[in-house]
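1. Next one to model:
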Amino acid sequence: MSTTELNQHLLQAIADGAVPGIVALAADANGVLYSGAFGKAGPGDTPPMQIDTVFRIASMTKAITSAAAMQLVEQGRLRLDQAMKEIAPEIGEAKVLLGFNADGTPQLRAPKRDVTLRHLLTHTSGYSYDLFNADVGRYMAHAGLPSIATCQFGALKAPLVFDPGEAWQYGIGIDWAGRIVEIVSGLKLEDYLQQHLCGPLKMTDTSFVLRPDMQTRLVAAAARTPDGAINRLDFEFPSDADFHMGGGGLYSTGPDYLRFTRMILNGGNLDGARVLQAETVKLMGQNAIGAIEVPPFVSDNPAMALSVDLFPGQVAKWGLSFVINTEDIPGCRAANSLAWAGVHNTFYWIDPTRQLTAVLMMQLLPANDPQVLKTLIGYEVDLYASFK
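-> Below is the predicted model of the structure:
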């Protein structure tokens, strides 16, 4: 089980200018198999990357928030197919955006059915992201609504772009699910996660709020400019606004997030701490969108994310809440693996068939940067070659 190739690949990616630094980890059902930190914690004069460097994990937050919601489903306090307007009446007020009149006013109609928790967790609710959908951004500007990045309640009053249950589009559904957890539990999402997920799983460096000791370990946000240079970037979500972004606001470390993915790999249990029932984890890992397919990712905001086909040549599905590849990827993850990523190019996958889970943490915009994806693919290939 040589890890030389893994180390060489990640060091070469840094030497080639893919990213300033990388943290990579992998585990099987028995424990951690691989752990490494390479390069620097940002461009320019920054300290060396460490295994406990803190990252903005952005949309890797989604799976943790969804796990919290599924705990409440287990307890009977929520139902997957329950109309969420019963919990948050504002969801019942959302209209479907059809387009705009000549004078710029939006054309709206009532949706054909209610938004459920299942819709929110599977990106089939009709909610989109103003960051990636120009029509939603235009509507929100017209209505004077803040962007989701402000973490203000007004951002959750966005319109739907299709009827619930009829398509898949990446959006604020899991931010709404985080609010649902807050309303049902009576706790701020930060407090709920610390008490019921992060605490039991010993994820001591995962939080919406940067403690001083986390701040000193925080990787620098960065972006690649059109000429290929990597520059530092000011990029933080507010931690003291109306709500914490259940879809994207967490800070975490590679080792912490690996504890979460190991819990999923182990059917809801890690080191004697059971946070989900095995049948719940099994359900979360199954296709939850029926005949709907997850399309190639399309972005209207290339500074934040580039368009990409995640699994070329095969159908992708969505669970609660993971993307699922439906076919084996030769030399890599097996069919029915679970995965997602964050906009700053942080990644994870969970392969129940081959009993392997991995985390790859970088910190660079835009998401889906070609050099970053090359680094990810090479890491996965070398990882399976080392531990097959």
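
2. contacts, neighbours, all on C-alpha from now
-> Will do.

3. So Gly290: helix, strand or coil?
-> When classified by DSSP: H, G, I helix; E, B strand; the rest coil, Gly290 comes out as coil.

4. Equivalent analysis for Lys317, please.
-> Per three-state DSSP, Lys317 ends up strand.

5. any idea which element the residue nearest to it when sequence neighbours are not counted lies in?
-> Nearest non-adjacent residue to Lys317, counting by CA to CA, 6 or more residues apart in numbering: Ile324, 5.0 Å away. Following DSSP states H and E, one finds Ile324 within strand 323-325.

6. so what secondary structure elements neighbour that strand?
-> Applying 3 or more CA pairs under 8 Å, 6 or more residues apart in numbering; DSSP states H and E, we find strand 323-325 packed against strand 316-318, strand 338-342.

7. For Met60, find the nearest of those.
-> Taking CA to CA, strand 338-342 is the member of the helices and strands packed on strand 323-325 nearest to Met60, at 5.3 Å.

8. Tell me which helix or strand comes right after the closest one.
-> By DSSP H and E, the next helix or strand past strand 338-342 is strand 346-351.

9. quick one: that next one to strand 338-342, angle?
-> Orientation note: strand 346-351 sits at an angle of 180 degrees relative to strand 338-342 (axes from the mean of the first three to the mean of the last three CA atoms, to 10 degrees).

10. Pull up the pairing partners for whichever helix or strand comes after strand 346-351, direction included.
-> Scanning forward in sequence from strand 346-351 by DSSP H and E, the next helix or strand is strand 356-361. Pairing partners of strand 356-361, with direction, according to DSSP bridges: strand 21-28 (antiparallel), strand 346-351 (antiparallel).

11. ok, residues contacting the first one?
-> Taking contacts as CA atoms under 8 Å, 6 or more residues apart in numbering, the residues outside strand 21-28 that touch it are 10, 14, 32-42, 49-51, 254-255, 258, 262, 355-363.

12. what's the answer for the shortest one, then?
-> Counting by CA under 8 Å, 6+ apart, strand 346-351 makes contact with 57, 60, 261, 264-265, 333-334, 336-341, 356-363, all of which sit outside it.

13. before we move on, the earlier item: possible to save the strands paired with strand 356-361 as a markdown table with mean pLDDT and mean neighbour count?
-> Formatted as a markdown table, those follow (pLDDT from 0 to 100; neighbours: other CA atoms under 10 Å):
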| stretch | mean pLDDT | mean neighbour count |
| --- | --- | --- |
| strand 21-28 | 98 | 24 |
| strand 346-351 | 98 | 24 |
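
14. Out of the ones you listed, the one nearest Met214 is which?
-> Of those, the one closest to Met214 (CA to CA) turns out to be strand 21-28, at 16.0 Å.

15. Please pull up the helix or strand immediately following the closest one.
-> Heading C-terminal from strand 21-28 (DSSP H and E), you reach strand 31-39.

16. Give the next helix or strand downstream of that next one.
-> strand 55-56.

17. Please spell out the PyMOL selection for the buried subset of the contacts of strand 346-351.
-> Applied in PyMOL, the following selects the buried portion of the contacts of strand 346-351 according to 16 or more other CA atoms under 10 Å:
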select buried, resi 57+60+261+264+265+333+334+336+337+338+339+340+341+356+357+358+359+360+361+362+363
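
18. just checking, what's the longest helix in the chain?
-> Ranked by number of residues, the top helix in the chain under DSSP state H is helix 370-387.

19. name the helices or strands packed onto it?
-> By 3+ CA pairs under 8 Å, 6+ apart, helix 370-387 packs against helix 4-15.

20. now the helix it packs on, how far from the chain's geometric center?
-> Its chain's average C-alpha position is 25 Å from that of helix 4-15, according to CA atoms, centre = their mean, to the nearest Å.

21. Now do the closest residue to Met84 other than its chain neighbours, the pLDDT please.
-> In space, and not counting its chain neighbours, Met84 is closest to Thr116: 5.2 Å by CA to CA, 6+ apart. Looking at Thr116, its pLDDT reads 98.

22. shouldn't Thr116 be in contact with Ala83?
-> Yes: the criterion here is CA atoms under 8 Å, and Thr116 meets it with Ala83 at 4.6 Å.

23. Of those two, which one has the most company?
-> Thr116 (23 against 20; other CA atoms under 10 Å).

24. sorry, back to before: reformat the helices and strands packed on strand 323-325 as a markdown table; add distance to Asp28 and mean pLDDT.
-> Below are the helices and strands packed on strand 323-325 laid out as a markdown table (distance: least, CA to CA, whole Å; pLDDT from 0 to 100):
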| stretch | distance to Asp28 | mean pLDDT |
| --- | --- | --- |
| strand 316-318 | 23 | 98 |
| strand 338-342 | 14 | 98 |
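
25. All good on my end, thank you.
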